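Student: Quick one: sequence plus predicted model below, questions after.
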Amino acid sequence: MVARSIAGRQVLLEDGTIGSAQIWLRDGEIDALSAPDGAAEFRFDEPDQYILPGIVDLHGDAFERQIMPRPGVMLPINMAVVDTDSQLVANGITTAFHGVTFSWEQGLRGRDTAASLLDALDAEPLRADHRIHLRFETYNFDGTDQAIAWIEQGRIHLLCFNDHFDGIHRAVNNDSRKLGPYTGRSGQSREDYLAQINSLADRAHELPATLERLSAAAAALGVPIAAHDEMSWDDRARNAALGCIISDFPIREEAATAARSTDIPVIMGAPNVVRGGSHMPTGICAAEMVGRGVCTILASDYYYPALLLAPFRLVADEVTTLPEAWHLVSRNPARAVGLTDRGEIAAGRRADFIVVNAADRTAPRIEAVFAGGRPVHLAQTSPQPQASLPAQAVA
């Protein structure tokens with residue numbers, strides 16, 4: 001039996017306030033909200049329990065560790081997908097855009113791994129809503145037709161232009177000791193990797209046409225396009241001309257400010273907030289950018305738990321309020337990619353919401369997760385429902 005209604009003292013409501021409410025469910029959606037009537041199947045009435053919209057993660061690539069936990073060690077994709085799904089719901093992520101890098105490299109970020117991941121996501125019964133954020137490496141000229149085919153098949157939900165080529169090309173040609181990480185994840189020999197990357201450098205003239213073909217294919221089907229690692233106003237202008245409506249992890253403040261000047265959403269890393277700054281020596285501080293209204297979306301990047309922790313860290317540091325902080329991980333990302341059916345607890349939205357115990361603001365804990373109206377994760381400390389749950393519904 002799926003819970004018919006859930007009540008709580010502290011529910012983040014559509015108008016941005018926090019108040020008591022009873023959430024009524026029907027066919028996986030929120031049918032209505034009302035004042036609590038005492039008859040809810042689930043009640044969350046403790047003073048530190050919050051019912052919040054499910055997290056929408058637009059850029060997460062931690063799944064790569066489930067596929068390749070060590071360099072050169074590949075595990076079955078279907079097993080990695082199931083494990084990733086468990087991690088997502090346990091961390092309150094009900095909609096996940098997997099940052100699948102489709103590169104000119106082989107191995108972990110090559111065509112075969114991406115294709116296998118797409119197939120596994122289609123085949124496995126999963127609890128979170130899994131979507132694909134295709135991080136297309138711009139020098140992957142030979143993969144252009146495949147990427148367009150995936151877009152036309154409706155398998156890509158966010159297209160992003162990545163360009164890590166120049167940095168890798170310079171690094172491996174100037175210092176052969178830096179080849180190790182790249183050959184480890186690609187499975188290629190040092191000689192083959194160098195030959196491939198130097199061959200691609202000679203094809204740089206193909207870049208403009210490649211990006212234009214991809215952006216046209218995405219635009220034709222309404223697939224949103226993002227640009228990764230923007231550094232300047234010029235970068236933003238060029239990417240805007242290609243239809244890039246999201247700035248994904250801008251490297252410099254100049255680029256982030258340029259994006260916001262035209263109302264473009266800016267994604268930064270939740271781990272950056274949790275750690276108190278970027279792991280890159282010259283990286284910008286995401287919390288500071290939130291406080292200034294420059295960062296509008298937080299994403300898990302390489303660490304799923306950070307998306308729960310970061311909003312409460314922002315509140316504890318008095319950067320913003322809890323409703324505004326939570327919008328960074330729910331409403332704002334949903335709106336940025338046109339998902340108007342989620343990101344808020346309101347009638348007509350998907351019944352995706354989580355229960356968080358924030359007695360310790362530095363270590364909030366997930367107590368329950370509902371996805372599409374189903375209870376998909378319940379912690380042992382959660383209140384027991386009046387009706388028993390099917391075993392497969394509880395993580």
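Tutor: Yep, that arrived.
Student: For the rest of this, base every contact and every neighbour count on C-alpha atoms.
Tutor: Fine.
Student: Contacts for stretch 245-252, please.
Tutor: 224-232, 256, 259, 264-269, 283-284, 336 (CA atoms under 8 Å, 6 or more residues apart in numbering).
Student: List only buried entries from those residues.
Tutor: Applying 16 or more other CA atoms under 10 Å to the contacts of stretch 245-252, the neighbour count classes 224-232, 256, 259, 264-269, 284, 336 as buried.
Student: Okay, now the unreliable bits of this structure?
Tutor: 1-3, 175-178, 380-395 (pLDDT under 70).
Student: Got the domain ranges for it?
Tutor: By the assignment in automatic domain parsing, the chain contains the domains 5-53+343-393, 55-164+198-336.
Student: Would you mind naming the residues that bridge with the nearest residue to His228 once chain neighbours are set aside?
Tutor: Nearest non-adjacent residue to His228, counting by CA to CA, 6 or more residues apart in numbering: Asp248, 4.6 Å away. Beta-bridge partners recorded for Asp248 (DSSP bridges): His228, Ile267.
Student: separation between Asp248 and Met268?
Tutor: In this structure, Asp248 and Met268 are 7 Å apart, going by CA to CA, to the nearest Å.
Student: Then Met289?
Tutor: From Met289 across to Met268, the span is 9 Å (CA to CA).
Student: do the same with Glu41
Tutor: Counting by CA to CA - Glu41 and Met268 are separated by 37 Å.
Student: what's the answer for Glu105, then?
Tutor: Going from Glu105 to Met268 by CA to CA gives 25 Å.
Student: same question, His164
Tutor: His164 sits 18 Å away from Met268, going by CA to CA.
Student: And Arg131, by the same measure?
Tutor: Separation of Arg131 from Met268 (CA to CA): 19 Å.
Student: next one: Ala219
Tutor: Computed as CA to CA, the Ala219 to Met268 distance reads 24 Å.
Student: do the same with Leu118
Tutor: Here the distance between Leu118 and Met268 works out to 25 Å (CA to CA).
Student: Ok, Pro250 next?
Tutor: Distance from Pro250 to Met268, by CA to CA: 8 Å.
Student: which residues does the nearest residue to Ile156 once chain neighbours are set aside bridge with?
Tutor: Of all residues not flanking Ile156 in the chain, Ile132 sits nearest, at 5.2 Å (CA to CA, 6+ apart). Ile132 forms beta bridges with His98, as assigned by DSSP bridges.
Student: wait, His98 sits on Ala128?
Tutor: No: assessed by CA atoms under 8 Å, His98 is found out of contact with Ala128, at 11.7 Å.
Student: in the stretch 151-300 of the chain, which spans are helices?
Tutor: 165-174, 179-186, 190-201, 207-220, 233-241, 253-261, 270-275, 286-291 (DSSP state H, counting those that start in this stretch).
Student: which other residues reach the last one?
Tutor: Going back to what we said before, that points to helix 286-291. 268-270, 272-273, 276-278, 295-296, 314, 319-320.
Student: okay, those in a markdown table with distance to Ala171 next?
Tutor: Output for those, formatted as a markdown table (distance: CA to CA, whole Å):
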| residue | distance to Ala171 |
| --- | --- |
| Met268 | 25 |
| Gly269 | 25 |
| Ala270 | 28 |
| Asn272 | 25 |
| Val273 | 29 |
| Gly276 | 28 |
| Gly277 | 25 |
| Ser278 | 21 |
| Cys295 | 30 |
| Thr296 | 32 |
| Leu314 | 36 |
| Val319 | 38 |
| Thr320 | 40 |
